[in-house]
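Participant: Got a predicted structure plus its sequence, pasted below:
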Amino acid sequence: MQNISMQFYINAHRKSIAILFVFLFCILLPTGYTQTSPSIEKLYQPGIIVIGDDINYPPYSFVDDNGQPAGFNIDIAKAVGKEMGLEVVIRQDRWEVIRAELEKGEIDAISGMFYTEERALTYGFSSRHSVSNGDVFTANNNTINSLDELKGKEVVVQTADVYAEYLLQLDLDIRLIEAPTVKEALNMVDNGVYDYAVVLKLPGLYSIRNNNFKNVKPAGLNFLPKEYCMAVRKENEDLLYILNAGLHILKASDQYQQIHDKWLGVYEERNFSDFLREHRWIIILIGSVIFTLLALSVSLRYLISKKTKELQTMNEELIASNEEIVHKNKLLASSQTELKARLEKINKQGDIIRFKQNFLANMSHEIRTPLTGVIGMIDILKQTQLTEDQKEYINILRHSGENLREIINQVLDYSKIEAGKLQLRKKEFAFHELEKQAISLFQSLAGDSLTFESTIDPSIPDHIYADKNRLTQIISNLISNAVKFTAKGKIRFSAQNLSVESNPEELYIKIAISDTGLGIEEKKQKALFTPFAQIHQSDYRESEGTGLGLSICKELAQLHGGKIGVESHYGKGSTFWFTFKTEKKHLHEAGSQENSSFEGSTYKNLRILLVEDKIVNQKVMTLLLSSMGHTIELAENGAVALKKFQPDTFDLILMDIQMPVMDGITATSKLRQKYPQLPPVIGLSANAFEGDREKYMNMGLDEYLTKPMKKEDFTDMLNRI
């Protein structure tokens, strides 16, 4: 192609629309199509473009009775050229000839080609201008209900057609009989030469109507819907950009619909089933999200309720058994055999309790994996064009998903505590950060009817040594409860130094959260810190939650060597407090870590190889990392990552642990064998148990992140490496 360009000299309002859609196209171009923008100088050079297509593929492309190119593809190509200020020359020939001419550079583009991943390796595809599907055409006295019935049969197909390629992949031992055109393929069936033909449905219907075929009909299988696009040579990105801009302008006006109705509408029998089929993925996605959330919510509530009753029952049995053991010990001489049987029963019950704990922890972990995709796809769906009602539905789904994730995290923490696997991760940090995070949480939860106060004992040192995340978890839970049960008034954060002068290096700090809310009846205060306890026990619950929050806070306080309690007067408000032991740290000891965190947060535009097999996770993580200013290259498994990786191409590798074909650990090992100098390799997994990070790092990974990954997790990881 010589001096191809785009001219935006149309008229005032069309030029504005073109600029708008080119801008939107650059942002919204789907994954799988090229996204490179040409230089401005090339776009403003006038030129001629040669577009080719099949000479006999009606109603998409054919020669009419006047010997002129005609059809849907031809009109679309001409309209795109007109909108973009290009002179379009149409070149028609047999389909295999046209493809060969495009690959040799003898023509600039093809106006209609079905998109496949294999073809995308050779051609660059525009956004789709139509969608169609294949069908099986048979004699009128013949029927077929599925493609499996073609096994071992002779089937007529069009030469080099995408549906011929598809049949070869089905492993049905089908013998393909090639015909140069759809018309000739159906003619063989109409004349009884062959029983079946597999071609694109609309050209098949066109041939039946315009050639008066009396003995051939479509079976109505409507399989393998394909996106029909304009195609260019892989390296011709400037032209692809222009064609996409023109297509978006056509679709924004009534020109596209007029062309579609003229050539394709007459053959499309539109009904409610067609609407459902056309929009099936959006409907399936929304339905799946709603069903999954409801199913997960119901299942988790049922599981928690069931396990609670079982634990209560077993607890009662253990108490009864212990009482009986004490009694039998007094009668040891006369009932030694009976006492031994009771001890065995207790051991079995202990095994059952441990099994229940592990089961609950594993269930929480398994739910995190689909929930990552659910919340991620909600975020992606939220960025699409939605009606106001749909935006409201998406916000409801998002809120429900976040509530479910919080419930799962609490259940997981509780299972870790019960199994004795929860460990503190202490480090130096500035104490005032706890107050700042408390203020930030209050501002995100409270309305205008609540105010916030805070006081900190000046004798508390600037820097301490403790598990900041777990202390923040306790404070967040107490503030959330205070806001939840306080309609108006104020919330107060206070910190007090209870240390004794005899040991100046050891600190004993008390943090209290006070509110002016409803308060708690005295008879209910004793049960607050037990698992699954809630202030309101009636069938009508004013607040959501598992009833695990305060019991987890109690365990975390005890792990820090402290206690937790409540002081409340019904109708006047409550004060929840906890204490913890820590160590005093001086400013110069903690300064290096804070500086490192600040510098690490400035990393931008990293070139990242993301190795992830699940399409939903690919989209979610690409969206997250791209929003942070990074460039993403995808690989669907470890084997593909080995092929795509080249030295000095990537700054970071994010490697999923479990993948088909080749897992992340194996791929990392092979990369290290092949390339002595690798960028950091970061493992990704939904496993969130204690010790998982260390286990995978010992297998060759430089760091490890738990799904679902947040921006803060990614930034902290960059600081560590």
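Facilitator: On my side now, so go ahead. Residues are numbered from 1 along each chain as shown.
Participant: My guess is residue 654 contacts residue 617. True?
Facilitator: No. Assessed by C-beta atoms under 8 Å, residue 654 is found out of contact with residue 617, at 10.5 Å. Every residue, glycine included, has its C-beta placed from N, CA and C.
Participant: more neighbours, those two?
Facilitator: Between residue 654 and residue 617, counting by other C-beta atoms under 10 Å, residue 654 is the more crowded of the two (25 against 22).
Participant: so that one sits in a strand?
Facilitator: Yes. Membership of residue 654 in a strand is supported by DSSP: H, G, I helix; E, B strand; the rest coil.
Participant: Where do the helices of the stretch 351-500 of the chain begin and end?
Facilitator: 388-418, 432-445, 468-484 (DSSP state H, counting those that start in this stretch).
Participant: Pull the number of nearby residues for residue 136.
Facilitator: Residue 136: 28 neighbours (other C-beta under 10 Å).
Participant: Mind pulling up the pLDDT for it?
Facilitator: Residue 136 carries a pLDDT value of 96.
Participant: For it, which non-adjacent residue is spatially closest?
Facilitator: Among residues not flanking residue 136 along the chain, residue 219 sits closest, at 4.3 Å (C-beta to C-beta, 6 or more residues apart in numbering).
Participant: Next up, the contacts around the one you found.
Facilitator: Going by C-beta atoms under 8 Å, 6 or more residues apart in numbering, residue 219 touches 135, 136, 137, 138, 143, 144, 145.
Participant: For residue 515, give me its contacts.
Facilitator: 482, 483, 485, 486, 489, 490, 491, 492, 573, 574, 575.
Participant: helices and strands around the helix or strand hosting residue 329, which ones?
Facilitator: Element membership for residue 329 (DSSP states H and E) is helix 280-330. Packed against helix 280-330 by the contact rule (3 or more C-beta pairs under 8 Å, 6 or more residues apart in numbering; DSSP states H and E) you find helix 336-382, helix 388-418.
Participant: so where's the stretch 601-721 of the chain shaky on pLDDT?
Facilitator: For the stretch 601-721 of the chain, the stretches with pLDDT under 70 are 601-602, 688-691.
Participant: can you do 90?
Facilitator: For the stretch 601-721 of the chain, the stretches flagged by pLDDT under 90 are 601-605, 614-624, 626-629, 658, 676-677, 685-697, 700, 705-721.
Participant: Where do the strands of it begin and end?
Facilitator: Assigned by DSSP state E, counting those that start in this stretch, the strands in the stretch 601-721 of the chain fall at 607-611, 631-635, 652-656, 681-685, 703-706.
Participant: got those as a markdown table, with distance to residue 149 columns?
Facilitator: Formatted as a markdown table, those follow (distance: least, C-beta to C-beta, whole Å):
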| stretch | distance to residue 149 |
| --- | --- |
| strand 607-611 | 40 |
| strand 631-635 | 37 |
| strand 652-656 | 39 |
| strand 681-685 | 43 |
| strand 703-706 | 48 |
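Participant: Just tell me which of the ones you listed ends up closest to residue 429.
Facilitator: strand 703-706 (20.4 Å; C-beta to C-beta).
Participant: Now the buried members of the contacts of residue 515.
Facilitator: The neighbour count (16 or more other C-beta atoms under 10 Å) marks 482, 483, 485, 486, 490, 491, 492, 573, 574, 575 as buried among these.
Participant: circling back to that earlier point, distance to residue 548 added to the helices of the stretch 351-500 of the chain, as CSV?
Facilitator: Below are these laid out as CSV (distance: least, C-beta to C-beta, whole Å):
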stretch, distance to residue 548
helix 388-418, 5
helix 432-445, 19
helix 468-484, 10
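Participant: could those be laid out in CSV, adding distance to residue 557 and mean pLDDT?
Facilitator: Formatted as CSV, these follow (distance: least, C-beta to C-beta, whole Å; pLDDT from 0 to 100):
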stretch, distance to residue 557, mean pLDDT
helix 388-418, 12, 71
helix 432-445, 14, 86
helix 468-484, 7, 89
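Participant: Go through these and pick out the most buried.
Facilitator: Highest mean neighbour count of the helices of the stretch 351-500 of the chain: helix 468-484, a mean of 21 (counted as mean count of other C-beta atoms under 10 Å).
Participant: How about residues contacting it?
Facilitator: 424-425, 427, 429, 433-434, 437-438, 441-442, 445-446, 450, 491, 493, 511, 513-515, 517, 543, 549-550, 552-553, 556-557, 559-560, 564, 574, 576, 578, 580.
Participant: Can you flag which of these belong to strands?
Facilitator: Residues of the contacts of helix 468-484 located in strands (DSSP state E): 427, 429, 450, 491, 493, 511, 513-515, 564, 574, 576, 578, 580.
Participant: before we move on, the earlier item: closest to residue 663 out of the helices of the stretch 351-500 of the chain?
Facilitator: Here helix 388-418 is closest among those (C-beta to C-beta), at 23.9 Å.
Participant: By neighbour count, sort out the buried ones in the contacts of residue 219.
Facilitator: For these, a neighbour count by 16+ other C-beta under 10 Å gives the buried set as 135, 136, 137, 138, 144.
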